[in-house]
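**Student:** return atomic coordinates for the entry below.
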Amino acid sequence: MIRPTAIATIFIAACALSTGAKAQYPTEEEAQAAAQAKSQNAFQSTCKNPKTSPLSRFWELEPSSDCGTFGLRGYRPISLSVIGSDGANMAPSSPTAGHTATPLPYTSSETRIQLSVRTKIAQGLLTGGDPNRLDSLWFSYSQQSYWQLFNNDLSRPFRSTDHEPEITYIFPIDAALPGGWRLRYAGVSANHQSNGQGLPLSRSWNRVIAKAGMEYGNQFVLNANLWQRLPEDAATDDNPDIVDLVGRAEVSAAWNVNTDNTLALTVRNSLQGNGTGSVRLGWFYKLGNSASSGERSALRLHTELFSGYGDSLLDYNRRRNVFSVGLTLLDW
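**Tutor:** This is a model prediction of the structure:
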């Protein structure tokens, strides 16, 4: 005769086995729900959370877009381009004595390589008591090289390479502006740019840059920079007239037309009414599918048109028209 306690023990064991089997082999609906929850949690733990705005994701302005310190991110577009221009600067020069190079037969077609990375080195410096806003301190490094890949006569040299380290402080703001726009941040940067060359090709300058950014939903982003060049000794200044030609201010705009297409416009001006500065117009088309987590692909096919001064430091005082086609990685 089976005792009641034995029956109870068998019943409890059977229930436990059934529950364990269910946990080990979830239904299809439960598996889909778990995958969706995992995807949402992945978004919420990254600085590319789609529920935050473009500028919040870029500068990590709030906890939902925060990726912490000392992670590696993109800054300016990382790109490889083939370009054609209306002429090559055969003998770069500047008004300072000893800064005129010997002419070389450069070609007007070449390739351009741009690398740009940054890392957040501190946050919560002035907003530590506000749980909804994060100020931040960033270090970035950008490098742009022009490579005479098609110039076999000169053994395909790198014609110009510019180096640009920068330290930037960003203070988050969320203020309503007319027309539905929102002011999202203000900041300041200390910027150095040089080409690392000796005389007669040496070019460099140092700036302090005031920054601000605004956006309209997820579709339009507008960034403005106004800078003051730090003074240098007139006898050794590599490029004394650079701000009169390259400019003293810059406004850049991006329009996310849809998930696949972005138009970008950057305008620089000397603020002297003489028309110097530059215009850069670009179109970026998304390549590849979104990742399984739902993030947008970072790879773009791009075309770009530049007209004006300062496409490189060696060309700071030479007006150029440049058309480029290439591949770009964006961290927008």
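**Student:** pull out the buried residues from the helix or strand that contains G187.
**Tutor:** When elements are defined using DSSP states H and E, G187 is found to belong to strand 182-194. By 16 or more other C-beta atoms under 10 Å, the buried positions in strand 182-194 come out as 182-187, 189, 191, 193-194. Using the backbone N, CA and C atoms, a C-beta is placed for each residue, glycine as well.
**Student:** beta partners for the closest residue to L177 other than its chain neighbours?
**Tutor:** Taking C-beta to C-beta, 6 or more residues apart in numbering, and ignoring the residues beside it in sequence, L177 has L183 as its nearest neighbour in space, at 5.6 Å. Note on L183: beta-bridge partners A175, M214, judged by DSSP bridges.
**Student:** pLDDT score for L183?
**Tutor:** Among the per-residue scores, L183 shows a pLDDT of 98.
**Student:** can you offset everything so residue one is 17?
**Tutor:** New numbering, starting at 17: the last item is L199.
**Student:** gap between it and N333?
**Tutor:** L199 is 35 Å from N333, where distance means C-beta to C-beta, to the nearest Å.
**Student:** could I get the contacting residues of the nearest residue to S210 once chain neighbours are set aside?
**Tutor:** Counting by C-beta to C-beta, 6+ apart, S220 is the residue found nearest to S210 once chain neighbours are left out, at 3.4 Å. Residues near S220 by C-beta atoms under 8 Å, 6 or more residues apart in numbering: 208-211, 254-255, 329.
**Student:** and S220, how far from G293?
**Tutor:** Shown here: S220 relative to G293, a distance of 20 Å by C-beta to C-beta.
**Student:** in the stretch 167-316 of the chain, mark out all the helices, start to finish.
**Tutor:** Read by DSSP state H, counting those that start in this stretch, the stretch 167-316 of the chain holds these helices, from start to end of the chain: 258-261.
**Student:** the strands in it, which residues?
**Tutor:** With DSSP state E, counting those that start in this stretch as the criterion, the stretch 167-316 of the chain has strands at 174-192, 198-210, 220-232, 236-245, 265-272, 277-285, 293-302, 315-324.
**Student:** where does the stretch 117-266 of the chain have low pLDDT?
**Tutor:** Low-confidence regions of the stretch 117-266 of the chain, defined here as pLDDT under 70, do not occur.
**Student:** next, F74: phi, psi?
**Tutor:** Per-residue torsions, F74: phi -70, psi -50 (degrees, to the nearest 10).
**Student:** and for P121?
**Tutor:** The phi and psi values for P121, taken as degrees, to the nearest 10, are phi -80, psi 70.
**Student:** where's it relative to S328, distance?
**Tutor:** With distances defined as C-beta to C-beta, the gap from P121 to S328 amounts to 18 Å.
**Student:** which one's more surrounded, these two?
**Tutor:** Each of P121 and S328 has its neighbours counted (other C-beta atoms under 10 Å); S328 has more, 21 against 10.
**Student:** Three-state assignment for that one, please.
**Tutor:** Under DSSP: H, G, I helix; E, B strand; the rest coil, the three-state class of S328 is coil.
**Student:** hmm, Q160 and it touching each other?
**Tutor:** Yes. With contact defined as C-beta atoms under 8 Å, S328 and Q160 form a contacting pair (6.7 Å).
**Student:** what is in contact with the two at once?
**Tutor:** Overlap between the contact sets of S328 and Q160, as judged by C-beta under 8 Å, 6+ apart, is given by D178.
**Student:** how much space between T123 and F86?
**Tutor:** Look at T123 and F86: by C-beta to C-beta, they are 42 Å apart.
**Student:** and the two? Which one has more around it.
**Tutor:** T123 (16 against 10).
**Student:** and the more buried one, helix, strand or coil?
**Tutor:** The three-state label for T123, taken from three-state DSSP, comes out as coil.
**Student:** and the nearest residue to it once chain neighbours are set aside, its phi and psi?
**Tutor:** Computed as C-beta to C-beta, 6+ apart, the closest residue to T123 that is not its neighbour in sequence is N167, at 4.8 Å. Taking degrees, to the nearest 10, you get phi -100, psi 80 for the backbone angles of N167.
**Student:** test my guess that N167 contacts T127.
**Tutor:** No. Judged on C-beta under 8 Å, N167 makes no contact with T127 at a distance of 10.6 Å.
**Student:** quick check: neighbours shared by these two?
**Tutor:** If you check N167 and T127 against C-beta under 8 Å, 6+ apart, no residue is contacted by both.
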